[in-house]
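Engineer: sequence first, then the predicted structure:
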Amino acid sequence: REQSDQDAIHTAVRDGVGFQVLDAEIKNHLYGWYVDTARELAEEAARDEGDGDVLYNLATSLRKESKYEDALTVLERCLAFNVANHGEEHPSTASVYSHMGILLHSM
């Protein structure tokens, strides 16, 4: 990734886009790295621990990025986890159903 970041910076400077655009490019690149890293860590934690909260938060992040299909897949895993561990009547399960409804409405 470092080489990719370095290439983006060199290209921006070479093309004479100016510091404001360069700053925005760096922020976008760093944000993308942050989101990718957070997603990887959340997926790993969810696999290792089977944590419904981690899955729910990951789905929320994916929805905010407009990655609706990915978010729905994660929410389905979260729902299965919550139903198996808490039951249909638990507030956490209800929150997942609500989140799924919001997500499906967004699609």
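Structural biologist: Alright, I've got the coordinates. Numbers count the residues shown, from 1 in each chain.

Engineer: quick one: low-confidence ranges for this protein?
Structural biologist: 1-3, 12-13, 16-19, 45-50 (pLDDT under 70).

Engineer: can you list contacts of stretch 69-85?
Structural biologist: 46, 50-52, 55-56, 58-60, 62-63, 90, 92-93, 96-97, 99-100, 103-104, 107 (CB atoms under 8 Å, 6 or more residues apart in numbering). C-beta coordinates here come from the backbone N, C-alpha and C atoms, glycine included.

Engineer: just the ones of the residues you listed in strands?
Structural biologist: Within the contacts of stretch 69-85, membership in strands is found for no residue, as judged by DSSP state E.

Engineer: of those, buried ones?
Structural biologist: Restricting those to buried positions leaves 46, 51-52, 55-56, 58-60, 62-63, 92-93, 96, 99-100, 103, with burial counted as 16 or more other CB atoms under 10 Å.

Engineer: of the residues you listed, closest to Asp15?
Structural biologist: Closest approach to Asp15 among the buried ones among the contacts of stretch 69-85 (CB to CB): Leu62, at 32.3 Å.

Engineer: any idea which element the closest residue to that closest one other than its chain neighbours lies in?
Structural biologist: On the basis of CB to CB, 6 or more residues apart in numbering, the spatially nearest residue to Leu62 that is not a chain neighbour turns out to be Ala71, at 3.8 Å. Mapping Ala71 onto the secondary structure by DSSP states H and E places it in helix 68-86.
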